[in-house]
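Enquirer: what's the 3D shape of this:
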Amino acid sequence: MGIIAWILIGLLAGIIAKALMPGRDPGGIIITTLIGIAGGLLGGWLGKVVFGVDSIDGFFDLSTWIAAVVGSLILLVLYRVFTGNRSRA
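Expert: Numbering: from 1, shown residues only. Next up is the predicted model:
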């Protein structure tokens, strides 16, 4: 996949992850996209390590989207853990 596809998957996976985990986040659309892109990479890596499958096959494959959203959810939880307390100070 090309860089444009990764950015688009990252943006959409980040939006889906934020929709699945509602709440206030200190980040905007750029942070959402970065979390989604990194989440896609993390999800693909976890799919390969844990299940032994290549989960990042193509833009329209369901496994790509599931891996990206799951990875984005993991990173969103970590992002909220590390930045959540700073906004209350």
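
Enquirer: roughly how far apart are residue 30 and residue 42?
Expert: Counting by C-beta to C-beta, to the nearest Å, the separation of residue 30 from residue 42 is 18 Å. Quick note: C-beta positions are derived from backbone N, CA and C, even for glycine.

Enquirer: Have a look at the two and say which one is more surrounded.
Expert: The neighbour comparison of residue 30 against residue 42 (other C-beta atoms under 10 Å) goes to residue 42, with 20 against 10.

Enquirer: and the closest residue in space to the more buried one that isn't next to it in sequence, what element?
Expert: Using C-beta to C-beta, 6 or more residues apart in numbering and skipping the chain neighbours, the partner closest in space to residue 42 is residue 71 (3.7 Å). For residue 71, the enclosing helix or strand under DSSP states H and E is helix 62-83.

Enquirer: so what does that helix touch, helix or strand wise?
Expert: Helices and strands touching helix 62-83, as assessed by 3 or more C-beta pairs under 8 Å, 6 or more residues apart in numbering; DSSP states H and E, comprise helix 3-20, helix 29-46.

Enquirer: Looks like residue 37 contacts residue 7 (just checking).
Expert: Yes: contact criterion C-beta atoms under 8 Å: residue 37 and residue 7 qualify, at 6.7 Å.
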